[in-house]
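> Show me the folded form of this:
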Amino acid sequence: MKTRAVSMVLLMIASALAGCTTGDPDGDGELGIDTDVLNQMIEDNLQDFINNTSVTVHQEIHYHNNTTYVDNSESNMNVGGGSGANGSLPGSIMQVYRIQDSAQYTTGDIGNNTFVLDGILQYPAIGISPNLIYTIGSTTISFTFTCNEFVNAYEHMNSGEWRDWLHYERGISWSDAGQIAEQIRDDFYQLTDESNTYCLTGESVHSQTFESEMLQMELSKGEALDFIHISGYWLWNISCDDGFFDSNSKYELEDDTPLLGGWEDCVFTIYQSFSGQMEWERDWSDNNDFPSWINLPDWHNYSGNDGWYYLNSESGTSEHDSIIYFTKYFVVPVE
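Coordinates of the predicted model:
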């Protein structure tokens, strides 16, 4: 600004002296004031002129709040110009993936889980649950049941069947066997809630959910995804270095088309969720001629029933095939 002000002063002095330095008033071809005289006049009077002259400078200053200029032809974010956040190349690129997945699964073997061991429930009690331990004189009887065994005992053994078993198999008198049999039956009723919850006896078919990761994309700071077309059904989640986490189904990406990532290093994951079914089945046999994998307890001989309930594990394969189109934008995070 000082250089410009001095230039203005020199211009003004030169203008003021213009009448003295141009033209030839004597007509003899000689200037009235030669160059040396003019320079001396400027040197002698410049400082006085500056000291007695006020110069006003008008400067237009533009203030901006914390916003980012948006080129709406590109995106509704501050779109950069490169393959990173440095803005050196075009601001977006469309990509396509075909996702194929074959996931093996095996459901839990719940039917063979130990439900009661030596008279003690092996799961947290729901309310008040009894122990299946009974003592008569010097004789103590404690039961061990898998879930399959408990279901069959609950369905097929009444107090009369337990009394016969206690008398013939454990040598207990009829009167004592009758008393214990009533207690056993009552205790079984009190374990109904636990059986329904932990052995799944309250439903004939039970589903177990599985997940399989199919695709994972690392998004560096400055990279954001916008999905264009999606086939097939799948789920997703995004996890970022700053602790941000979100998850949803592919429908949110199709319907709401949110931009994912851009502000921090993140990992975007696509995965499928599927179910394997377990179903209570019943095997029938004549004269207790059951398959070898069914280990019948001795009390079953007193049940008078030729059937055996069981819930086995199930295995299978879940297949997935889909295609996704998306645009990767290169954005400039606003600090």
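> Now stretch 248-267: buried residues?
Along stretch 248-267, these residues count as buried under the neighbour rule (16 or more other CB atoms under 10 Å): K250, L253, L260, G261, G262, W263, C266. The way it works is simple: take the backbone N, C-alpha and C, and place the C-beta from them, glycine included.
> With respect to W293, which of these is nearest?
Taking CB to CB as the measure, W293 sits nearest to K250 out of the buried residues of stretch 248-267, at 41.9 Å.
> thinking again about what came up before, mind picking the lowest-pLDDT entry from the buried residues of stretch 248-267?
The member of those with the lowest pLDDT is L253, and it reads 82.
> from memory that one sits against F227, does it?
Yes. Counting by CB atoms under 8 Å, F227 is a contact partner of L253 at 4.3 Å.
> re the thing from before, in the buried residues of stretch 248-267, find the pair that's most separated.
Pairwise distances across these (CB to CB) peak at 22.4 Å, for the pair K250 and W263.
> Quick check: bridge partners of E279?
Counting by DSSP bridges, E279 forms beta bridges with V205.
> got a list of what it touches?
With contacts defined as CB atoms under 8 Å, 6 or more residues apart in numbering, E279 is in contact with S204, V205, H206, L311.
> Domain-wise, how is the chain divided?
Under the assignment automatic domain parsing, the domains of the chain span 2-51, 80-106+205-335, 114-198.
> Quick one: the helices in the stretch 201-335 of the chain, in order.
With DSSP state H, counting those that start in this stretch as the criterion, the stretch 201-335 of the chain has helices at 250-255.
> Now do stretch 189-196: distance to the chain's middle.
36 Å (CA atoms, centre = their mean, to the nearest Å).
> Could you do stretch 211-221 as well?
With CA atoms, centre = their mean, you get 11 Å for stretch 211-221.
> before we move on, what about stretch 212-224?
In terms of CA atoms, centre = their mean, the centre of stretch 212-224 is found 12 Å from the chain centre.
> Going by distance to Y329, which of the contacts of E279 wins?
H206 (44.8 Å).
> Could you tell me how many residues sit around the closest one?
Residues within reach of H206, counting by other CB atoms under 10 Å, total 18.
> and the gap between it and D241?
Counting by CB to CB, to the nearest Å, the gap between H206 and D241 amounts to 39 Å.
> tally of neighbours for G304?
There are 12 residues near G304, going by other CB under 10 Å.
> ok, it to L235 distance?
Counting by CB to CB, the gap from G304 to L235 is 50 Å.
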